[in-house]
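> here's my sequence, what's the structure:
(one chain, ligands or ions: 1)
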Amino acid sequence: MESNGSVTSLRSTTRRRRIILFPLPFQGHINPMLQLANILHTHGFKITIIHAEYNSPNPSNYPHFTFKPIKDRFSEIAHQLATNPDASYFLTYLNKSCVDPFRDCLAGLLAEETVACVITDAGFYFTQAVADDLKLPRIVLRTSSLGCVLAYDALPFNSKKDCFNVTKQDSNYEASVPEYPLLKFKDIVKITTNPQGMGDLVTNMLNQLKASSGIIWNTFKELEESALETISQDFHVPSFTLGPFHKYFPASSSSLIEQDRTILKWLDKQPPKSVVYVSFGSVAHITESEFQEMAHGLANIELPFLWVVRPGMVAGTEWLQSLPEKFLERMGDRGRIVKWSPQQEVLAHPATGCFWTHNGWNSTLESICEGVPMICSPCFVDQPINARYVSDVWKIGVLLEDGLERVGIEMAIKRVMIDKEGEETRERISCLKEKVNLSLDEGGSSCLSLNNLVDYISSF
Ligand code: UDX
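Numbers count the residues shown, from 1 in each chain. This is a model prediction of the structure:
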């Protein structure tokens with residue numbers, strides 16, 4: 001009894017200790033990191049967020065956290081984001097430009113008070129060496145799926161065979177990739193335009209994941225059980241699967257763009273499960289002709305649609321300049337286009353029938369949590385991997401195999417919204433939705449994993 005009592009009092013003191021978190025400065029990474037910070041705060045930890053000046057979160061939405069901006073120099077290359085699809089270029093730059101400012105900031109904070117650990121995005125692999133130097137445990141937040149990390153680990157980014165340059169004309173375009181048979185060559189060519197750079201980034205990220213004190217995943221065990229087993233065996237560091245984080249705290253307070261909430265009233269007027277919701281996340285870009293094919297596809301299916309078109313998303317245009325002539329007039333009240341939506345509320349709305357998505361991991365999880373079947377149009381990095389899991393493993397969506405082209409779009413929407421196949425897809429994703437809820441309940445896998453994480457951090 002006595003020893004239990006002293007353990008409890010030790011934990012309640014240590015849980016008031018501070019944790020420092022450092023997100024990558026992109027929407028799809030800021031959201032889960034700030035959600036995680038909120039989760040840990042409710043478990044008694046004090047929170048400091050070190051963050052890049054680029055895409056700075058709004059501290060006034062988090063009066064309970066301390067924010068420390070560092071000079072990342074990202075604005076020197078940020079203008080290239082719209083034209084350069086090579087994610088490894090931007091991440092490699094940040095892994096160099098942030099080293100000194102991050103180290104100085106962290107060392108300053110450690111001089112002020114005791115800190116339990118630092119939690120940094122897996123993409124900030126340089127932070128492991130800094131944490132080691134400062135003798136501070138580093139836990140990693142990996143914001144993608146477990147399956148994505150397994151695929152990255154297996155894919156031959158640095159092979160001389162040039163697998164990432166296969167074209168439609170090559171005989172193996174539709175074939176499985178031997179190193180990760182779930183994926184086809186036509187999937188992996190989308191992952192990166194710079195396999196060498198991506199390979200180096202992945203190697204660094206995986207090495208520093210394996211050198212860390214633990215990995216937090218924004219996923220839940222029941223979704224990725226076999227991947228979790230493999231990673232637990234291969235990586236030799238504790239893994240915590242306590243997601244989906246947005247079920248504890250929504251992402252709206254970390255939104256970098258203002259969400260257009262007027263569309264919720266429009267959704268209220270639509271029949272149940274009738275609306276096609278379309279959004280390609282915060283960083284993907286498409287060409288003008290792809291944009292026009294999307295518009296024709298949506299016009300032809302004669303269902304209500306809500307389409308998020310981020311300013312600058314269509315290459316070479318500001319916003320809607322390349323829509324087909326009189327498109328908006330022709331659509332009338334059937335279609336709405338907005339710059340940014342309250343996505344989680346849209347997905348949870350009874351009128352939403354399917355989600356045509358780029359399969360960023362947050363969007364994929366948000367769709368699963370609301371039981372909304374997907375149409376998958378992955379653009380790059382982890383998205384083609386997520387899309388294959390959605391269509392071929394979990395069978396909760398349809399992959400637009402041949403890109404953005406109006407006939408294929410119409411057929412995919414019909415398969416999900418109208419055909420018998422769509423009913424089965426909806427049943428499967430509803431089952432997953434139930435599993436998510438169970439995992440978050442008292443005694444469920446995510447709930448237990450969160451308790452384990454809190455105890456683990458308290459033990460430092
Ligand atoms: C990026 C990568 O593209 C993605 O593949 C990776 O898994 C995470 O980082 P992003 O492209 O922005 O993220 O996609 P996603 O992961 O889906 O995150 C987008 C977030 O923005 C979601 O939380 C979503 O709810 C939110 N969002 C999106 C809005 O709030 N409003 C919108 O209109 C669209």
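
> I'd guessed Arg17 sits against Phe45; true?
Yes - with contact defined as CB atoms under 8 Å, Arg17 reaches Phe45; the gap is 6.4 Å. In short, each C-beta sits where N, CA and C put it, glycine included.

> so if I had to pick from these two, which one is more boxed in?
Phe45 (20 against 17; other CB atoms under 10 Å).

> how close does the more buried one sit to Ser60?
Per CB to CB, to the nearest Å, Phe45 is found 21 Å from Ser60.

> same thing with Pro304?
Distance of Pro304 to Ser60, given as CB to CB: 36 Å.

> who has more neighbours, these two?
Pro304 (23 against 8).

> show me the contacts for the more buried one.
270, 274-276, 334-335, 351 (CB atoms under 8 Å, 6 or more residues apart in numbering).

> anything in contact with each of Arg17 and Phe45?
Joint contacts of Arg17 and Phe45 (CB under 8 Å, 6+ apart) are Ala116.

> hmm, back to that, among the contacts of Pro304, which one has the most neighbours?
That'd be Val275 among these, by other CB under 10 Å, with 27 neighbours.

> what's the next secondary structure element after the host helix or strand of Ile337?
Element membership for Ile337, per DSSP states H and E: strand 335-338. Next helix or strand after strand 335-338 toward the C-terminus (DSSP H and E): helix 343-348.

> and that next one, what's buried?
Within helix 343-348, the residues that count as buried by 16 or more other CB atoms under 10 Å are 343-347.

> of those, which is the nearest to Leu136?
Ranked by distance to Leu136 (CB to CB), the buried residues of helix 343-348 are led by Gln344 at 33.5 Å.

> run a quick neighbour tally on Ala132.
Let me fix one detail, which is that residue 132 is Asp and not Ala. By other CB under 10 Å, the residues close to Asp132 number 14.

> quick check: which ranges of the protein have low pLDDT?
Filtered on pLDDT under 70, the chain yields the residue ranges 1-15.

> which of the helices or strands spans Lys68?
strand 66-70.

> and whatever helix or strand comes next after that strand, what's buried?
Once strand 66-70 ends, the next helix or strand along the chain (criterion: DSSP H and E) is helix 87-97. Using 16+ other CB under 10 Å as the test for burial, helix 87-97 gives 87-95, 97.

> next one: whatever helix or strand Arg426 lives in to chain centre, how far?
Using DSSP H and E, Arg426 sits within helix 420-440. Mean-position distance between helix 420-440 and its chain equals 20 Å (CA atoms, centre = their mean, to the nearest Å).

> contacts for that helix next, please.
With contacts defined as CB under 8 Å, 6+ apart, helix 420-440 is touched by 220-223, 244, 247-248, 354, 367-373, 394-398, 415-416, 444-447.

> taking those residues, please make a ChimeraX selection of just the buried ones.
To isolate the buried members of the contacts of helix 420-440 in ChimeraX, using 16+ other CB under 10 Å:
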select :220,221,222,223,244,247,248,354,367,368,369,370,371,372,373,394,396,397,398,415,416,444,445,446
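
> which bits of this structure sit near the ligand?
By CB under 6 Å from any ligand atom, the residues of the chain that approach the ligand are 26-29, 31, 143-144, 251, 255, 259, 279, 281-284, 308, 340-341, 343-344, 360-363, 366, 381-383.

> on that earlier part again, so which of the contacts of Pro304 belong to strands?
Within the contacts of Pro304, residues falling in strands by DSSP state E are 275-276, 335.

> which helices and strands does the host helix or strand of Leu448 pack with?
Using DSSP H and E, Leu448 falls within helix 445-458. Packing partners of helix 445-458 (3 or more CB pairs under 8 Å, 6 or more residues apart in numbering; DSSP states H and E): helix 2-14, helix 27-42, strand 115-121, strand 214-217, strand 239-241, helix 420-440.
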